[in-house]
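Q: Just the structure for this:
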Amino acid sequence: MNSGDLETRPFLIFSRQTELGEAINTLLRNHGILSEIRYVESAKGLAEETPLDWSLLLWDPEADLSWPKLPAELRERWNEVPRITLFAKTPSAPPEGVWISLDDPDRTRQTLEREHRLSRLARERGRLLFEIDEVNRNTRLVFGALETAVAFIQDGLYLYANRAYLASFGLETYEGGSFLEAFQAQDRGRVKQVLKTVLHSAEQETRELEAIPQGQDRAVRLALRATTFGSEPAIFIMRHPDARTVAAQPSAQVPAPTAPPTLPGILEPADFLVHLEELLQASRPKRSEQAVLIACIDNLSALIEQYGPFTIHAAWTLVERKVIPNLAPTDFCTRLGWELCFWIERPRNGSLEKWAQDIQTSVSNQIYEVLGKSILLGIKVGISERISRSNTRSLVREAQLAASGTQPVNWYQPSTLSADQSDDIASALARMNERKTLPIVTRQILSLIGGDSRPRFELRLSQNLLRTYRLNSWEEFFRLAHESDSLAGLETLLIETAIGFLSRPETPKGCAIYLRLSGLVLMTPETQAWLARILTQKFGGKLVFLFQEKTVAEQLKKTQEWIARFKPAGIQIGLDGFGESAHSAILLNHVRPDLVRIPVTHLVSPEDPDAAETDAPPAPPEQTRILAPLKAHGIEILATGVDRARLMTSLLNLGITFVQGPFVGEDTPLT
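A: Residues are numbered from 1 along each chain as shown. Predicted coordinates for the structure are as follows:
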């Protein structure tokens with residue numbers, strides 16, 4: 001017997017003969033393969049099934065109804081599920097298409113495994129294409145709202161160009177246009193050579209190009225970078241917003257630019273860290289101080305809700321243009337999602353704090369006219385100074401944490417507390433709060449909850465806390481914290497095994513404890529017992545789980561095991577996920593600033609006596625099986641920050657319907 005895998009193969013059989021399915025189930029089980037088989041015997045029964053629930057449709061040729069006689073609408077609906085003709089004995093004249101016969105078990109097993117695998121791959125491909133299409137649509141909207149000229153080309157032809165690009169080159173449309181022919185003849189050879197260099201360079205490398213367009217007498221300066229557009233390899237082209245226009249002259253005599261280097265605004269976090277690491281290495285021999293500054297928009301969620309993401313994106317571009325002229329040639333500035341990130345050396349004349357204040361004053365509380373709207377933007381700045389042990393990830397993270405402070409300019413202050421285990425945790429936490437130190441205890445101002453005028457604070461627990469206090473386990477921490485009452489007055493507890501880069505979750509209303517599922521899995525039963533005690537005694541039994549798994553269905557199934565161990569009252573389940581692909585990163589950085597929230601309808605089960613009083617349709621059996629144990633504990637489901645395409649596919653596979661919205665700033669679950 002083969003060991004097989006633990007994945008269950010879901011097969012739907014159109015037949016009255018249940019012995020066919022039993023034979024298949026026995027055959028697969030003997031080879032260590034699990035299967036789930038259900039029977040339908042009429043068009044009505046087939047219509048009640050969900051195609052996404054089944055990987056294969058096995059059709060009995062002796063059934064009362066043949067496939068061609070099904071209603072056209074039903075055939076079209078089930079065309080996405082591979083169909084296999086199922087024979088009890090090998091036919092004398094094999095039919096067209098895929099077929100199996102139970103008297104040939106080896107061929108039957110191999111065919112079922114092959115078609116099941118192909119079905120899964122086809123669905124995964126469809127899911128990825130759906131995500132790519134959605135990102136493409138949103139990406140075009142974002143680029144269309146930009147005043148910066150950007151375009152994508154492939155094999156020298158335009159795939160896309162926004163209005164600003166068309167206007168700067170005097171083009172009416174990009175369709176069918178050649179990038180090479182847009183320049184004067186004497187520059188085309190050099191342009192072609194730059195394109196070849198970009199194609200053979202790493203994706204994070206940006207090349208500069210100065211050339212004179214057709215019909216113009218001045219050169220333009222462009223940044224080119226290898227990337228993808230949709231699922232196709234392409235070259236990203238951006239005309240520098242601060243590009244100088246120089247008189248037409250031989251290209252070799254064009255003076256070197258003096259403006260600070262910039263990268264395209266769609267820079268992804270991983271690429272940004274690579275570039276920042278290069279700057280760190282290059283400046284290491286210098287004695288001057290360096291720092292990372294993060295500028296962010298105050299009340300971003302409310303502005304996004306009022307004006308829309310594209311309008312705010314365009315306004316943020318105006319802020320970026322206003323700041324860039326104040327940078328030195330050695331400084332670096334780029335857009336990182338909805339934040340403006342600077343890498344600067346300490347100014348020789350004046351302090352870093354004064355420089356940051358001047359920048360903040362020049363751009364904050366200003367009215368920006370964009371897309372026919374007048375928008376008042378408030379800007380806050382966070383500063384993280386580079387020290388010898390700093391790395392790129394921690395520098396950026398510290399600057400982001402500092403930017404969440406209450407002052408216009410906020411400094412990140414490293415903790416200098418003793419790491420002695422004998423140090424009383426309660427007094428240590430109190431001193432940290434007094435000093436507003438950020439590494440472990442984050443005095444991060446959260447959104448006001450329930451109209452309360454008091455700000456909410458969070459205690460962020462990570463592996464760093466265990467190392468700081470030389471504790472061996474979470475159990476030991478909870479025991480000391482419980483005995484010293486150091487958690488008294490704390491309103492939010494965030495436990496995580498690793499702080500995700502750029503992960504800044506917002507607190508759902510009524511939340512008392514954040515807990516990553518991965519962090520809970522790593523806890524021992526004793527630790528979970530201490531957490532459950534603190535949960536019920538200190539926080540009124542409220543808990544929010546943060547997920548970063550791949551499928552919602554798996555998350556819900558895993559959660560039930562841990563919920564059964566806690567059983568507190570009024571539990572609220574939060575789903576939190578981030579895009580992992582480059583396309584999702586573009587969507588997260590440019591379309592959804594603070595993670596769009598998508599409430600999921602919590603449908604009642606058919607056995608619920610209140611079902612008759614609601615307009616909700618009966619819950620599918622699979623949904624009832626998954627959600628019933630959660631509902632029994634009084635759980636509300638709130639999906640926040642989950643990739644919409646991935647969430648929709650996962651929920652549909654699970655049989656859960658959902659409603660898109662509300663957006664950032666509203667987090668009332670639909671019940």
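
Q: Outline the domain layout of this protein.
A: For the chain, automatic domain parsing gives the domain ranges 8-124, 149-240, 262-412.

Q: Could you dump these into JSON lines with mean pLDDT added?
A: Shown next, in JSON lines, are those (pLDDT from 0 to 100):
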{"stretch": "domain 8-124", "mean pLDDT": "84"}
{"stretch": "domain 149-240", "mean pLDDT": "80"}
{"stretch": "domain 262-412", "mean pLDDT": "69"}
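
Q: could I get those as JSON lines with mean neighbour count?
A: In this view, the C-beta of every residue, glycine as well, is placed from N, C-alpha and C. As requested, these are arranged in JSON lines below (neighbours: other Cβ atoms under 10 Å):
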{"stretch": "domain 8-124", "mean neighbour count": "15"}
{"stretch": "domain 149-240", "mean neighbour count": "17"}
{"stretch": "domain 262-412", "mean neighbour count": "18"}
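
Q: how much space between the spatially closest residue to W99 that is not a sequence neighbour and I24?
A: If the residues on either side of it in the chain are set aside, W99 comes closest to T85, at 4.0 Å by Cβ to Cβ, 6 or more residues apart in numbering. According to Cβ to Cβ, to the nearest Å, T85 stands 13 Å off from I24.

Q: so what sits against both of those two?
A: Overlap of the contact sets of T85 and I24 (by Cβ atoms under 8 Å, 6 or more residues apart in numbering) consists of L58.

Q: Would you mind confirming that T206 is in contact with A223?
A: Yes. Counting by Cβ atoms under 8 Å, T206 touches A223, with 5.3 Å between them.

Q: Check which helices and strands the lengthiest strand in the chain is in contact with.
A: In the chain, taking DSSP state E as the definition, the longest strand is strand 218-229. Judged by 3 or more Cβ pairs under 8 Å, 6 or more residues apart in numbering; DSSP states H and E, strand 218-229 is in contact with strand 150-154, helix 185-199, strand 206-211, strand 232-239, strand 246-247, helix 582-590.

Q: Within the sheet, what are the partner strands of it, with directions?
A: Sheet pairing here is set by DSSP bridges, and for strand 218-229 it gives strand 206-211 (antiparallel), strand 232-239 (antiparallel), strand 246-247 (antiparallel).

Q: Confirm T173 sits in a helix?
A: No. Under DSSP: H, G, I helix; E, B strand; the rest coil, T173 sits outside any helix and is assigned coil.

Q: Identify the residues contacting the residue nearest to L34 when sequence neighbours are not counted.
A: Nearest residue to L34 in three dimensions, chain neighbours excluded: T8, at 4.4 Å (Cβ to Cβ, 6+ apart). Shown in contact with T8 (Cβ under 8 Å, 6+ apart): 34-36.

Q: returning to what we had before: now the helices and strands packed on strand 218-229 in CSV, with distance to T173?
A: Output for the helices and strands packed on strand 218-229, formatted as CSV (distance: least, Cβ to Cβ, whole Å):
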stretch, distance to T173
strand 150-154, 12
helix 185-199, 21
strand 206-211, 21
strand 232-239, 16
strand 246-247, 28
helix 582-590, 24
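
Q: and of these, who's closest to Q360?
A: Closest approach to Q360 among the helices and strands packed on strand 218-229 is made by helix 582-590 (22.5 Å; Cβ to Cβ).

Q: Let me see the mean pLDDT of the closest one.
A: Across helix 582-590, the average pLDDT comes to 26.

Q: Which strands or helices does the helix or strand the residue nearest to W99 falls within pack on?
A: Per DSSP states H and E: T85 is located in strand 83-87. Under the contact definition 3+ Cβ pairs under 8 Å, 6+ apart, strand 83-87 sits against strand 56-59, strand 99-101, helix 105-145.

Q: switch to 6 Å and redo it
A: strand 56-59, strand 99-101 (3 or more Cβ pairs under 6 Å, 6 or more residues apart in numbering; DSSP states H and E).

Q: got those as a markdown table, with distance to A399 columns?
A: Formatted as a markdown table, the helices and strands packed on strand 83-87 follow (distance: least, Cβ to Cβ, whole Å):
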| stretch | distance to A399 |
| --- | --- |
| strand 56-59 | 52 |
| strand 99-101 | 61 |
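
Q: surely I235 meets I153?
A: Yes. Contact criterion Cβ atoms under 6 Å: I235 and I153 qualify, at 5.1 Å.

Q: which residues touch the strand holding T85?
A: Identification of contacts with strand 83-87 by Cβ atoms under 6 Å, 6 or more residues apart in numbering yields 20, 56-61, 95, 98-101.

Q: Mind listing the strands it pairs with, and their directions?
A: Sheet pairing for strand 83-87, using DSSP bridges, gives strand 56-59 (parallel), strand 99-101 (parallel).

Q: in the stretch 251-400 of the chain, which spans are strands?
A: 290-297, 332-336, 339-345, 366-370, 373-377, 379-385 (DSSP state E, counting those that start in this stretch).

Q: Describe which strands the first one pairs with in its sheet and in which direction.
A: Put plainly, it is strand 290-297. strand 339-345 (antiparallel), strand 379-385 (antiparallel).

Q: Just the angle for the last one relative to strand 366-370, thanks.
A: For strand 379-385 against strand 366-370, the angle by axes from the mean of the first three to the mean of the last three Cα atoms, to 10 degrees is 110 degrees.

Q: try the first one
A: Note on geometry: by the same axes, to 10 degrees, strand 339-345 and strand 366-370 are set 120 degrees apart in direction.

Q: Please name whichever of the helices and strands packed on strand 218-229 is nearest to C296.
A: It's helix 582-590; of the helices and strands packed on strand 218-229, that one is closest to C296 (Cβ to Cβ) at 13.2 Å.

Q: Of all the helices and strands packed on strand 218-229, which one is nearest T361?
A: helix 582-590 (26.8 Å).

Q: which ones are touching A161?
A: For A161, the contacting residues are 151, 174, by Cβ under 6 Å, 6+ apart.

Q: I meant to write G21 there.
A: Counting by Cβ under 6 Å, 6+ apart, G21 has contacts 13, 37.
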